[in-house]
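**Q** 3D, please:
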Amino acid sequence: MQSFRSEIENPVVEKDILELEKKIRLFKEGQIDEERFRSLRLARGVYGQRQLGVQMIRIKLPYGKVTSEQLHRIANVSDEYSRGRLHITTRQDIQIHHVSLDRTPELWAQLEKDDITLREACGNAVRNVTASETAGIDKNEPFDVTPYAHATFQFFLRSPICQEMGRKFKISFSATDKDSALSFMHDLGFIAKTKNVEGKTIKGFKVLLAGGLGSQPRHADVMYEFLETDLLIPTIEGVLRVFDRYGERSKRAKARLKFLVKDLGLDEFLTLVENEKRALAYQNHPINTSEFENEIEFESSEIPKVEIPNKKEYELWKSTNVIAQKQEGLFAIGIKVHLGDFYTDKARKLADLIKKYGANELRFTLRQNILIRHVREELLSFFYTELEKLGFAESGYNSLVDITACPGTDTCNLGISSSTGIAVELERVLKTEYPQYANVKELTIKISGCMNACGQHNMAHIGFQGMSIKSGNLVAPALQILLGGGVLGNGQGRFADKLVKVPSKRGPETLRRLLNDFEKNQQNQEDFLNYYDRLGKTYFYDLLKDLSDTKNLNEDDFIDWGHNKKYVKAIGIGECAGVVIDLVATLLFESEEKIENAATTIKEKQWSDSIYYSYSAFVNTAKALLTAEGAKTNTHAGIIKNFDEIFITESKLDLGSPFSEIIYQINKNEPTEAFAKQYYKQVSEFYKKADAYRKIAVES
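**A** Residues are numbered from 1 along each chain as shown. The predicted structure follows:
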């Protein structure tokens with residue numbers, strides 16, 4: 001590590017990377033328990049994968065934007081530390097697999113040379129902030145949401161408010177009412193809006209709250225019909241503070257924001273958010289958009305001459321993959337990336353292409369594709385020929401044939417059956433048997449390897465979820481079939497109905513029946529959702545029911561797509577084993593770190609951050625003592641309540657006043673220097689008393 005420490009220019013980043021290296025060493029020495037180490041490494045983009053001894057690294061790329069230099073850097077890192085394969089996720093990130101845990105700090109340091117981070121790409125934090133890939137170029141957008149997505153990413157990166165929440169938190173920004181960033185399924189979703197006030201155009205957002213997919217999908221509530229842009233950051237911070245304090249922490253399946261809002265009710269939740277206002281560093285937070293308003297520049301004015309052998313294919317490509325931008329004479333080019341997987345040799349050539357002939361920008365998309373932006377019209381034929389050489393000129397960008405799928409059992413611990421294998425076969429069926437659907441964009445197929453919906457299967461017109469199915473004493477890979485999901489626009493969407501579970505090898509026949517029936521029974525060019533609603537769920541259950549029969553399975557049914565060995569159901573294998581140590585001691589050790597952070601941020605005059613570090617240390621210390629007592633520690637609010645009942649009311653600790661009264665000063669005071677120093681002093685004294693109590697309890 002010492003060899004490249006000097007190469008890291010940002011001291012905050014350097015501290016992050018050194019901390020990761022230190023915690024890896026402590027974990028291997030048995031000084032940090034497995035659960036706490038998992039939390040730490042996930043918050044730094046290091047995710048255990050299905051194969052033992054290696055990690056998946058998730059690279060956090062806000063709203064999917066990448067420059068040529070960054071793409072070269074990512075390719076170099078993948079070659080050096082992995083196997084040269086890049087995977088685009090449905091959150092506009094890049095993942096690389098099969099990385100040694102010991103090499104992750106060095107890998108991170110290499111990425112940071114081009115301002116690329118792993119921080120909070122996984123774990124119980126604010127995940128990658130996503131946005132419409134056409135933001136800034138869309139002819140129908142009220143304004144460019146990119147600066148607002150970027151400001152959100154920057155403001156909450158490393159924020160003490162959202163480092164150790166009960167579960168992950170996802171934010172999206174949609175450029176238009178089309179809602180291509182899927183606001184209705186996010187913890188917070190923002191749709192660009194404007195309104196006219198006394199002849200002046202005001203920018204703002206429709207705000208959607210507490211949506212989510214998974215095994216229990218929930219449609220987001222409308223939090224605000226219109227929120228001015230200056231209130232964006234304070235609103236997000238208020239929501240995060242409430243989620244951090246009241247969100248479930250013990251029952252993982254109930255820990256997402258959607259469950260908290262459902263339990264509290266929208267009105268009560270909004271009241272709690274309102275009560276946090278006094279504690280915020282900013283009551284409003286104007287966002288500087290000037291950085292994103294620069295004139296588009298090109299490195300070269302050269303227009304290479306090319307010959308197009310197949311004009312028909314070229315015209316088809318232009319009709320399906322090329323998007324006219326709002327900037328006159330400029331176009332965006334969509335690249336269909338099969339299952340989001342491509343290799344570093346192609347990445348480098350693509351990086352060189354956008355550097356010299358584009359405006360040095362592409363964006364990874366929510367459908368695991370690539371969008372090159374700012375291409376001059378006279379260069380479209382040249383780009384087509386260059387992309388064709390890379391295998392990137394296939395028509396059908398964002399079409400039915402462009403299937404979305406998670407990695408499934410290829411690398412994911414939670415995968416039940418193969419997502420990628422069935423996706424390959426379904427694409428083959430579509431291309432060979434249903435060429436008329438090759439460029440249909442109004443119908444989507446999405447596949448997830450388990451119920452967690454990383455492939456977004458339960459919001460697709462046709463969804464497949466990986467499962468298993470029993471046949472006597474044997475177990476075969478299976479697919480849950482879902483129909484009727486979709487994006488309706490302006491914050492509205494619908495989740496698919498679960499119909500039947502079929503053996504995986506019958507997935508292609510399922511698709512054939514659905515498409516054949518659609519063609520046979522479609523009325524007046526109705527879309528798939530209207531067709532589905534008209535005929536009803538029972539009709540489709542009857543249509544597919546016989547495919548779920550497992551009485552006559554043959555040997556091939558017990559081999560999953562893309563495999564040649566008999567299926568074995570294996571879930572949750574692959575995380576490194578660790579030595580279990582005293583959890584109470586670990587929690588107290590972490591409290592010390594939080595108190596140190598509170599002191600450091602006071603020196604840096606970051607009053608709000610210091611106050612939240614102190615608050616976290618209060619909670620963490622109380623949790624340690626409650627854990628030793630075997631008491632519940634499900635939520636921050638519960639910890640505070642239980643600590644008063646067990647330690648203060650019963651006079652086990654004397655704090656001079658109720659614990660709740662001390663800790664809840666956080667939302668009754670403005671984040672001033674005086675309060676930050678007072679709160680830091682109080683938590684330091686509290687920790688000393690708690691630590692002394694713990695030592696006596698252990699010795700007695």
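**Q** residue ranges in the stretch 351-500 of the chain under the pLDDT threshold?
**A** Regions of the stretch 351-500 of the chain meeting the criterion pLDDT under 70 cover residues 413.
**Q** repeat the analysis, applying 80 as the threshold.
**A** 408-415 (pLDDT under 80).
**Q** likewise the chain?
**A** Looking at the chain by pLDDT under 80, you get 1-9, 32-36, 38-40, 48-53, 408-415, 564, 567-583, 585-586, 698-700.
**Q** in it, spot the helix with the most residues.
**A** Secondary structure assigned by DSSP state H gives helix 673-699 as the longest helix of the chain.
**Q** now that one: how far from the chain's centre is it?
**A** Taking CA atoms, centre = their mean, to the nearest Å, one finds the center of helix 673-699 at 36 Å from the center of the full chain.
**Q** which strands or helices does it pack on?
**A** helix 583-603, helix 607-629 (3 or more CB pairs under 8 Å, 6 or more residues apart in numbering; DSSP states H and E). No exception for glycine: its C-beta is placed from N, CA and C like everyone else's.
**Q** please point out which parts of the helix or strand that the last one is followed by sit buried.
**A** Counting by DSSP states H and E, the element after helix 607-629 in chain order, helix or strand, is helix 636-643. Buried residues in helix 636-643, defined by neighbour count with 16 or more other CB atoms under 10 Å: 636-640, 642-643.
**Q** mind putting these into CSV with distance to residue 511?
**A** As requested, the buried residues of helix 636-643 are exported to CSV (distance: CB to CB, whole Å):
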residue, distance to residue 511
636, 47
637, 48
638, 47
639, 50
640, 53
642, 52
643, 56
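**Q** okay, now residue 583: neighbour count?
**A** 15 (other CB atoms under 10 Å).
**Q** hang on, the earlier thing: can I get the helices and strands packed on helix 673-699 in a markdown table including distance to residue 187?
**A** Below are the helices and strands packed on helix 673-699 laid out as a markdown table (distance: least, CB to CB, whole Å):
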| stretch | distance to residue 187 |
| --- | --- |
| helix 583-603 | 24 |
| helix 607-629 | 19 |
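**Q** can you say which of the ones you listed is nearest to residue 39?
**A** Judged by CB to CB, the one of those that comes nearest to residue 39 is helix 583-603, at 9.9 Å.
**Q** from the chain's centre, how far out does that closest one sit?
**A** With CA atoms, centre = their mean, you get 28 Å for helix 583-603.
**Q** next: stretch 243-256.
**A** For stretch 243-256, the distance to the chain centre is 18 Å (CA atoms, centre = their mean).
**Q** ends of that stretch, how far apart?
**A** Using CA to CA, to the nearest Å, the end-to-end distance of stretch 243-256 comes to 9 Å.
**Q** quick one: buried residues of it?
**A** Neighbour count says stretch 243-256 has 243-249, 254-256 buried, by 16+ other CB under 10 Å.
**Q** by contact count, what packs against the helix or strand containing residue 541?
**A** Per DSSP H and E, residue 541 falls inside helix 537-544. Helices and strands touching helix 537-544, by 3+ CB pairs under 8 Å, 6+ apart, are strand 474-483, strand 497-503, helix 507-521.
**Q** quick one: end-to-end length of stretch 650-661, please.
**A** With CA to CA, one end of stretch 650-661 sits 16 Å from the other.
**Q** and the contacts of it?
**A** Contacts of stretch 650-661 from elsewhere in the structure, counted by CB atoms under 8 Å, 6 or more residues apart in numbering, are 618, 622, 640-641, 643-644, 646-648, 662, 686, 689-690, 693.
**Q** let me have those residues in TSV, extended by distance to residue 604.
**A** As requested, those are exported to TSV (distance: CB to CB, whole Å):
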residue	distance to residue 604
618	21
622	26
640	28
641	33
643	30
644	33
646	36
647	33
648	33
662	24
686	23
689	27
690	26
693	32
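**Q** what's in contact with the helix or strand encompassing residue 205?
**A** Using DSSP H and E, residue 205 sits within strand 200-209. Strand 200-209 is contacted by residues 142-143, 148, 173, 183-184, 186-196, 220-229, 232, 235, 239, 257, 261, 266, 269, 490-491 when judged by CB under 8 Å, 6+ apart.
**Q** just the buried members of those residues?
**A** 142-143, 148, 173, 183-184, 186-193, 220-221, 223-224, 227-229, 232, 235, 239, 257, 261, 269, 490-491.
**Q** among the residues you listed, which lie within strands?
**A** Using DSSP state E, the subset of the buried ones among the contacts of strand 200-209 located in strands is 173, 188-193, 221, 223-224, 227-228.
**Q** hang on, the earlier thing: out of the contacts of stretch 650-661, who's nearest residue 409?
**A** Out of the contacts of stretch 650-661, the member with the shortest distance to residue 409 (by CB to CB) is residue 622, at 41.3 Å.
**Q** am I right that residue 671 is in a strand?
**A** No - counting by DSSP: H, G, I helix; E, B strand; the rest coil, residue 671 falls outside a strand, being coil.
**Q** contacts only, for it.
**A** Taking CB under 8 Å, 6+ apart, one finds 279-281, 607-608, 611 in contact with residue 671.
**Q** quick one: the strands in the stretch 51-200 of the chain?
**A** 55-59, 65-66, 85-88, 94-99, 130-131, 171-174, 188-197, 200-209 (DSSP state E, counting those that start in this stretch).
**Q** out of those, the one nearest residue 438 is which?
**A** It's strand 85-88; of the strands of the stretch 51-200 of the chain, that one is closest to residue 438 (CB to CB) at 21.5 Å.
**Q** report the distance from the helix or strand where residue 465 lies to the chain centre.
**A** Residue 465 is part of strand 462-471, with elements assigned from DSSP H and E. Put simply, strand 462-471 sits 24 Å off its chain's centre (CA atoms, centre = their mean).
**Q** equivalent analysis for stretch 527-537, please.
**A** Distance, centroid of stretch 527-537 to centroid of chain: 31 Å (CA atoms, centre = their mean).
**Q** flag every buried residue along that stretch.
**A** Neighbour-count burial for stretch 527-537 [16+ other CB under 10 Å]: 528-529, 531-532.
**Q** and the strands in the stretch 251-400 of the chain?
**A** Using DSSP E, counting those that start in this stretch, strands in the stretch 251-400 of the chain cover 322-324, 330-335, 341-343, 362-364, 370-376.
**Q** I'd like those strands written out as a markdown table, with distance to residue 117 and mean neighbour count added.
**A** As requested, the strands of the stretch 251-400 of the chain are exported to a markdown table (distance: least, CB to CB, whole Å; neighbours: other CB atoms under 10 Å):
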| stretch | distance to residue 117 | mean neighbour count |
| --- | --- | --- |
| strand 322-324 | 29 | 17 |
| strand 330-335 | 25 | 22 |
| strand 341-343 | 22 | 17 |
| strand 362-364 | 15 | 26 |
| strand 370-376 | 20 | 23 |
